[in-house]
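Student: Predicted coordinates and the sequence they were generated for:
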Amino acid sequence: MASDTSGVKPMAIEGRMARERERLLGMTDAERAWRKQWLKDLELAPNEPKHVPEYYKERLNPIRRAYRFPLDVTFKALEPVLGERRAFVARYLTGKFLMIAAGIYGMTYYFKYSANDWTRKGGWRVLVSRKATVPGDEGYPKLSDRSSPADYASRGFKTSPI
């Protein structure tokens, strides 16, 4: 894994003023002026952060931009009503909700229409355990629900309407 500094040791530009205890010990006028300038440099300009469209195109590949397009357009139109931050959060949550819903619908469809039965090899096979019987229950000792050897591994063939 590559480091954040690409192997170069990071340089602390705050110096000893990074620690509050050091500042409380006393600062010279030069250090005080330097710290004031450093704090002023941390403030963003009124027009920052800047939105650069080319950066967006470089960061996201064309396929990702294509499937993001509908929600981007929708929430860009809602931005004046909701505000920039709320529109961003709503767009994020809507996208996640739609992906989860698509996953649930896809799994439901798959489990409903791709069952493992006698007509196909693939699909999910659901095995149900037999009901436990203990002494005192009706039908104890009940060894199996299957009456003949043909009932084993029938995979729904006997109950088929054909």
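Tutor: Ah, there it is. Just so it is clear, the structure is predicted and the values come from calculations on it, not from any experiment.

Student: For the spatially closest residue to residue 18 that is not a sequence neighbour, grab the count of nearby residues.
Tutor: Among residues not flanking residue 18 along the chain, residue 12 sits closest, at 6.2 Å (Cβ to Cβ, 6 or more residues apart in numbering). Yep, even glycine has a C-beta here, placed from its N, CA and C like the rest. Neighbours of residue 12 under the rule other Cβ atoms under 10 Å: 8.

Student: wait, residue 12 sits on residue 19?
Tutor: No. Between residue 12 and residue 19 no contact is recorded; they are 10.5 Å apart, counting by Cβ atoms under 8 Å.

Student: pLDDT below threshold where in this structure?
Tutor: 1-3, 11 (pLDDT under 70).

Student: what are the ranges of the helices in it?
Tutor: 20-25, 29-42, 53-59, 62-82, 84-113 (DSSP state H).

Student: mind giving me JSON lines with the ones you listed and columns for distance to residue 153 and mean neighbour count?
Tutor: Compiled in JSON lines, the helices of the chain are given as follows (distance: least, Cβ to Cβ, whole Å; neighbours: other Cβ atoms under 10 Å):
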{"stretch": "helix 20-25", "distance to residue 153": "74", "mean neighbour count": "10"}
{"stretch": "helix 29-42", "distance to residue 153": "72", "mean neighbour count": "11"}
{"stretch": "helix 53-59", "distance to residue 153": "54", "mean neighbour count": "9"}
{"stretch": "helix 62-82", "distance to residue 153": "44", "mean neighbour count": "12"}
{"stretch": "helix 84-113", "distance to residue 153": "21", "mean neighbour count": "12"}
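
Student: if we compare these, which one ends up closest to residue 161?
Tutor: Proximity to residue 161 (Cβ to Cβ) singles out helix 84-113 among the helices of the chain, at 16.8 Å.

Student: now for the closest one, which elements pack on it?
Tutor: Helix 84-113 sits against helix 62-82, with contacts defined as 3 or more Cβ pairs under 8 Å, 6 or more residues apart in numbering; DSSP states H and E.

Student: Let me know the angle separating the helix it packs on from helix 84-113.
Tutor: For helix 62-82 against helix 84-113, the angle by axes from the mean of the first three to the mean of the last three Cα atoms, to 10 degrees is 130 degrees.

Student: If anything else comes up later, I'll come back, but that's it for now.
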